[in-house]
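Trainee: Quick check, what structure comes out for this input:
(chains A and B)
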Amino acid sequence: MIQTYLIHLFILIGIYIILTLSLNLTIGYSGLLNLGHVALFGIGAYTSTLLVMNGLPFLLSFLTAGILAAISGALLYGLTRKLKGDYLALATLGFSFVIYSIMLNWIDLTRGPLGIPGIPKPLIFGLTIQSTGVYLFFTFIITLISIGILTLITRSTFGRLLQAARDDEIGLRVLGKNTYALRYKSMAIAGFFAGIAGSIYAHYISYIDPSSFSLTNLIFLLTAVIVGGLASVRGSIIAPFILILIPEALRFIDMPSSILGPLRQIIYCLILLVILLYRPRGICGRIDLQ
Amino acid sequence: MSFPIAQLLANSLIIGSIYALVAVGFSLIYSTNRFVHLAHGATVVAAGYALYSTFTLLHLPFILACILTIALSSVIGFLMFKAIYEPLQKRKSSTVIMLIASIGLLTLIENLILLFFGADVKTIGLLEVRQGINIAGAIITPLQIVLVLTSLTLLTVFYLFMKKTTLGRNLRAVADHKELASIMGLNPTRLMAISFIIGSALAGIAGILIALEQNLDPSMGTDLMIKGFSGAIVGGIYSVPGSILGSYLVGTAENVGTWFLPSGYKNAITFTLLFLFLLLRPKGIFGVDKGVRE
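Mentor: The predicted model follows:
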């Protein structure tokens, strides 16, 4: 019993590490306050679900989910690239709400607020991942690969250029670098990882509805990035552990779920505010939010 | 059914009047403080629930309940400023940090309301629902007429207050140029706090009106916030008449839009409008550029 519970927590932690790290690529490394990440996560989840349920093999759907979310991410940047600071944040927040509205209202495709139940477990090379233990292993592998790729990206020339563009955009343009192209790529990469995280999430929970991709989840992701620290891979790996495990302590106090839900959110908000007030760089952040 | 233009215009006027109250408060706070106070929407909902507690649960006289509600909204706004925003400003946090903090506050207050009042909708029940009156082909209830008139009166008073009184002029001075205002002997921090108090009082009035017109539920703050800041930005965030006009535009866009699309797309329509303005005319309709904004 306790074992299944722990496995469940660790699968979620894996998914959120991918999400936090990819969001950090845009907020921390690229300096774009992208509040549309949760929508990209949702696009991934719905794409993968709908494709698999219409007969496509899992791995193909999984990759398509990533690619479609990547395209959406690049598109979002294309639309908002002229905006800065709080206007950029509002516009990307708007993107999240628009995608959320579409999930909620395009009933023919998404079944709206009813959600899509009975999402099959992944079938990879003729083997179905039935037990949660194996699913944890699968998530673990994908998370490790994602961490590996994102770490390499942040340490590569491309990653350094991204950070240079964040710190001194005009300076980098003077050197002949196309800062827009750099950020397009960064948003697309972040979108890809958000998309595959969505796919892993959907096939694990086996039921998705729009509420999983709402403002609530966005607050969690933002808190995770800021608690971990901007432009820090290590921080983005540690933060999901802390943030998912802390409210779990509440579960052992006997409480109805109508209280548990809001209480969990309140804890996240308080953590977010306290960190912003007293330790704005988070656990291992290296830069301040501009 | 033919396109019911009179009814759509009436509905736009009604909902626009509520949005306008949210938008001018938001615009006042934004222009004096220069950051996006998204938790303004939460103040509106908190006011709705305050009216529900004082009037429906405690059976206080309606006027007293309204006064308490407005006072409470101001206190909430003031506390948010003192406890969170002012310390952040002192540390010279960027506008982006302030925005994230305000999203945190918005969710915090919404969930506190959820915790205390539960997720089910609440109704105030001041007046029984009455038959609407037919005005030029549009059905409008007496309550809605009172609502529009109250809102228009308050907006005019607020406009005159900002234009004619010393306090209004001082607030505009800080909005124009904070350093210059402080050289001239004004106290910007005090005026910023005052802008929170006045802005939140307006949010409180909006909360009362919306609680009378619709059912209350804890998550409506985010929705109202979207409409409020979209109205303000579309109209011109530094301008009171602009914010009012923008709010009516947002109200009209969503009412006309939902005639063609399912009503669930209301927020999406508002955001599309906002998006167009952010890209094509970020200053808004009545836009004046007031200094460099990061």
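Trainee: What segments of chain B are helices?
Mentor: B:5-33, B:40-51, B:62-80, B:86-90, B:95-117, B:142-164, B:166-176, B:178-183, B:188-213, B:220-235, B:240-260, B:266-280 (DSSP state H).
Trainee: got the contact list for the nearest residue to B:A201 once chain neighbours are set aside?
Mentor: Nearest non-adjacent residue to B:A201, counting by C-beta to C-beta, 6 or more residues apart in numbering or on different chains: B:S74, 4.8 Å away. (C-beta placed from N, C-alpha, C; glycine too.) Going by C-beta atoms under 8 Å, 6 or more residues apart in numbering or on different chains, B:S74 touches B:I197, B:I198, B:S200, B:A201, B:G204.
Trainee: Quick check: the last one touching B:L68?
Mentor: In other words, B:G204. No: applying C-beta atoms under 8 Å, one finds B:G204 not in contact with B:L68, separated by 9.7 Å.
Trainee: the more surrounded of those two?
Mentor: B:G204 (31 against 18; other C-beta atoms under 10 Å in any protein chain shown).
Trainee: in chain A, which helix has the most residues?
Mentor: Longest helix in chain A by number of residues (criterion: DSSP H): helix A:179-205.
Trainee: mind listing what's buried in that helix?
Mentor: A:179, A:182-205 (16 or more other C-beta atoms under 10 Å in any protein chain shown).
Trainee: Whichever helix or strand comes after it near chain B at all?
Mentor: Downstream of helix A:179-205, the first helix or strand assigned by DSSP states H and E is helix A:215-228. Yes: using C-beta under 8 Å from any C-beta of the partner chain, helix A:215-228 reaches chain B at A:L215, A:T216, A:L218, A:I219, A:L222, A:T223, A:I226.
Trainee: Now those residues in a markdown table, please, with extra columns for neighbour count and pLDDT.
Mentor: Below are the residues of helix A:215-228 next to chain B laid out as a markdown table (neighbours: other C-beta atoms under 10 Å in any protein chain shown; pLDDT from 0 to 100):
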| residue | neighbour count | pLDDT |
| --- | --- | --- |
| A:L215 | 19 | 82 |
| A:T216 | 18 | 82 |
| A:L218 | 22 | 88 |
| A:I219 | 22 | 86 |
| A:L222 | 22 | 88 |
| A:T223 | 28 | 88 |
| A:I226 | 29 | 87 |
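Trainee: What is the nearest of the residues you listed to chain B?
Mentor: A:I219 (5.1 Å; C-beta to the nearest C-beta).
Trainee: circling back to that earlier point, could you dump the helices of chain B to CSV with mean pLDDT?
Mentor: What follows is these, written out as CSV (pLDDT from 0 to 100):
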stretch, mean pLDDT
helix B:5-33, 87
helix B:40-51, 92
helix B:62-80, 92
helix B:86-90, 88
helix B:95-117, 88
helix B:142-164, 87
helix B:166-176, 85
helix B:178-183, 83
helix B:188-213, 90
helix B:220-235, 86
helix B:240-260, 87
helix B:266-280, 84
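Trainee: Now those in CSV, please, with extra columns for distance to A:S211.
Mentor: Shown next, in CSV, are the helices of chain B (distance: least, C-beta to C-beta, whole Å):
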stretch, distance to A:S211
helix B:5-33, 25
helix B:40-51, 19
helix B:62-80, 27
helix B:86-90, 30
helix B:95-117, 14
helix B:142-164, 31
helix B:166-176, 39
helix B:178-183, 41
helix B:188-213, 23
helix B:220-235, 13
helix B:240-260, 22
helix B:266-280, 15
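Trainee: Of the ones you listed, which is nearest A:L104?
Mentor: Closest to A:L104 of those is helix B:266-280 (C-beta to C-beta; 9.5 Å).
Trainee: Output the closest one as PDB, nothing but the C-alphas.
Mentor: Provided in PDB are the C-alpha atoms of helix B:266-280 (Å, rounded to 0.1, in the frame of the first residue of the first chain):
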ATOM      1  CA  LYS B 266     -15.800  34.500 -23.200                       C
ATOM      2  CA  ASN B 267     -12.300  34.600 -21.700                       C
ATOM      3  CA  ALA B 268     -10.700  33.600 -25.000                       C
ATOM      4  CA  ILE B 269     -12.500  36.400 -26.800                       C
ATOM      5  CA  THR B 270     -11.300  38.900 -24.200                       C
ATOM      6  CA  PHE B 271      -7.800  37.700 -24.500                       C
ATOM      7  CA  THR B 272      -7.800  37.900 -28.300                       C
ATOM      8  CA  LEU B 273      -8.900  41.500 -28.000                       C
ATOM      9  CA  LEU B 274      -6.200  42.200 -25.400                       C
ATOM     10  CA  PHE B 275      -3.600  40.400 -27.600                       C
ATOM     11  CA  LEU B 276      -4.500  42.500 -30.600                       C
ATOM     12  CA  PHE B 277      -4.100  45.700 -28.600                       C
ATOM     13  CA  LEU B 278      -0.800  44.500 -26.900                       C
ATOM     14  CA  LEU B 279       0.600  43.900 -30.300                       C
ATOM     15  CA  LEU B 280      -0.800  46.700 -32.400                       C
END
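Trainee: mind checking how far it is from the chain centre?
Mentor: Distance of helix B:266-280 from the chain centroid (C-alpha atoms, centre = their mean, to the nearest Å) equals 17 Å.
Trainee: Remind me what it packs against, helices and strands.
Mentor: helix A:85-105, helix B:220-235, helix B:240-260 (3 or more C-beta pairs under 8 Å, 6 or more residues apart in numbering or on different chains; DSSP states H and E).
Trainee: then whichever helix or strand A:R173 is part of to CSV, C-alphas only?
Mentor: A:R173 belongs to helix A:169-174 when assigned by DSSP H and E. Extracted C-alpha coordinates of helix A:169-174, given in CSV (Å, rounded to 0.1, in the frame of the first residue of the first chain):
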residue,chain,number,x,y,z
GLU,A,169,20.3,41.7,-25.7
ILE,A,170,21.7,44.6,-27.7
GLY,A,171,25.2,43.6,-27.0
LEU,A,172,24.7,40.2,-28.4
ARG,A,173,23.0,41.7,-31.5
VAL,A,174,26.0,43.9,-32.0
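Trainee: That helix: which residues count as buried?
Mentor: Buried residues in helix A:169-174, counted by 16+ other C-beta under 10 Å: A:E169, A:L172.
Trainee: swap in stretch B:37-57?
Mentor: By neighbour count on 16+ other C-beta under 10 Å, the buried set for stretch B:37-57 is B:37-56.
Trainee: Next: stretch B:87-100.
Mentor: Residues B:L88, B:Q89, B:S93, B:S94, B:T95, B:V96, B:I97, B:M98, B:L99, B:I100 are the ones in stretch B:87-100 that count as buried (16+ other C-beta under 10 Å).
Trainee: Adding distance to B:H177, write the residues you listed out as TSV.
Mentor: Formatted as TSV, the buried residues of stretch B:87-100 follow (distance: C-beta to C-beta, whole Å):
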residue	distance to B:H177
B:L88	21
B:Q89	17
B:S93	20
B:S94	19
B:T95	17
B:V96	22
B:I97	23
B:M98	19
B:L99	22
B:I100	26
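Trainee: The residues you listed into TSV, with extra columns for distance to chain A?
Mentor: As requested, the buried residues of stretch B:87-100 are arranged in TSV below (distance: C-beta to the nearest C-beta, whole Å):
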residue	distance to chain A
B:L88	7
B:Q89	11
B:S93	7
B:S94	5
B:T95	5
B:V96	5
B:I97	5
B:M98	8
B:L99	5
B:I100	6
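Trainee: Just the closest of the residues you listed to B:T189, please.
Mentor: Closest to B:T189, out of all of those and judged by C-beta to C-beta, is B:Q89, at 8.1 Å.
Trainee: For the closest one, list the residues it contacts.
Mentor: Counted by C-beta under 8 Å, 6+ apart, B:Q89 has contacts B:N33, B:M98.
Trainee: Check A:L150 too.
Mentor: A:L150 neighbours (C-beta under 8 Å, 6+ apart): A:L21, A:S22, A:L25, A:I189, A:F193, A:V233.
Trainee: from the residues you listed, which two are the most distant?
Mentor: Largest separation among these by C-beta to C-beta: A:I189 and A:V233, giving 13.8 Å.
Trainee: before we move on, back to that, relative to B:L28, how far out is the residue nearest to B:A201?
Mentor: 13 Å (C-beta to C-beta, to the nearest Å).
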